[in-house]
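Undergrad: Below: sequence and its predicted model.
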Amino acid sequence: MDAIPQMEEFWDLPNGYFYKLRQGDYEPGGAERVEATLRSIDVHEETPLPRRLVSLIWMIPTFMEWQLERVGELGGDVNALRSDITRLRNAVNEVLGAP
C-alpha cells in the first residue's frame, strides 16, 4: 500500500510533521499534507488494512492533543493546531471508521 511509506515519513525524524510536532514545532499547513495522504487511501467495508498502516494512523488525533501544551509553551498557534486535530480526526474516521 503506497500510503504506508508516505505516512512513515510524517513520523520520521528530523523533518517529519509529527516528529517536529513532538518537539513543539507546529508547522501550519502540515496537517493538510497528512489529510491528503489519508484521504488518498481507498477503503471499502471489506478492504483489509495492513496492520502497519493502522499503527501509523489510529493515534494521530490523540497524539496531536498531547502536543497542545508544548506547542503553546513555544508560542505556536494552538487554535490552528486544534482545528488541524479536528480535520485529521475526521480523516482518520473516514479510513478506519468510528465506533
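TA: Thanks, I have it.

Undergrad: any chance you could map the helices in the protein?
TA: Under the criterion DSSP state H, helices of the chain are mapped to 3-11, 17-22, 30-39, 51-57, 60-66, 68-73, 78-96.

Undergrad: The fourth one - contacts with which helices or strands?
TA: Applying 3 or more Cβ pairs under 8 Å, 6 or more residues apart in numbering; DSSP states H and E, we find helix 51-57 packed against helix 3-11, helix 78-96. C-betas here are computed from N, CA, C, even on glycine.

Undergrad: any chance of the ones you listed in JSON lines, plus mean neighbour count, distance to Arg33 and mean pLDDT?
TA: Output for those, formatted as JSON lines (neighbours: other Cβ atoms under 10 Å; distance: least, Cβ to Cβ, whole Å; pLDDT from 0 to 100):
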{"stretch": "helix 3-11", "mean neighbour count": "17", "distance to Arg33": "8", "mean pLDDT": "96"}
{"stretch": "helix 78-96", "mean neighbour count": "16", "distance to Arg33": "11", "mean pLDDT": "97"}
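
Undergrad: so can I have a markdown table of those helices showing distance to Pro28?
TA: Formatted as a markdown table, the helices and strands packed on helix 51-57 follow (distance: least, Cβ to Cβ, whole Å):
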| stretch | distance to Pro28 |
| --- | --- |
| helix 3-11 | 15 |
| helix 78-96 | 6 |
